[in-house]
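>>> Give the three-dimensional model of this entry:
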Amino acid sequence: MRTIREQLSSLGQAPTDESFPAIILGLLPASYDLHVSALTASAKVSKVTLTSDVLMSTIVDEYDRHASKAKKTGSGVGKLLETWGKAGKKSLVSS
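Below you'll find the model as predicted:
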């Protein structure tokens, strides 16, 4: 996701610290809706600004939880998450 930020910046459309979390949230699949709702509600109630670094960290943690759960159940989703993890997670946390 940092790569996306860098690409937007190179095009002259650098997202601000306030707008980038919204971009991240908009890119997530529907399976993260509950996690995102809990995270944003918690930030709102505690009056904490949700930074892109904190958001990406919690998304990676949630991904790891999903992947671990899928591996334990042996579901086909486990293979999908494992495949995505090899490419997608690396790009999510790359700087």
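
>>> Could you pull out the buried residues of the top helix by length along the chain?
Secondary structure of the chain per DSSP state H: the longest helix is helix 52-73. By neighbour count on 16 or more other C-beta atoms under 10 Å, the buried set for helix 52-73 is 52, 55-56, 58-59, 62-63, 66-67, 70. In short, each C-beta sits where N, CA and C put it, glycine included.

>>> any idea how far the residue nearest to Phe20 when sequence neighbours are not counted is from Leu34?
For Phe20, ignoring the flanking residues on the chain, the nearest one in space by C-beta to C-beta, 6 or more residues apart in numbering is Ser52 at 4.5 Å. To Leu34, Ser52 is 20 Å away according to C-beta to C-beta, to the nearest Å.

>>> Poorly predicted segments of the protein, please.
Low-confidence segments of the chain, defined by pLDDT under 70: 1-2, 4-5, 8, 11, 73-95.

>>> try it again with 50
Low-confidence segments of the chain (pLDDT under 50): 89, 91, 93-95.
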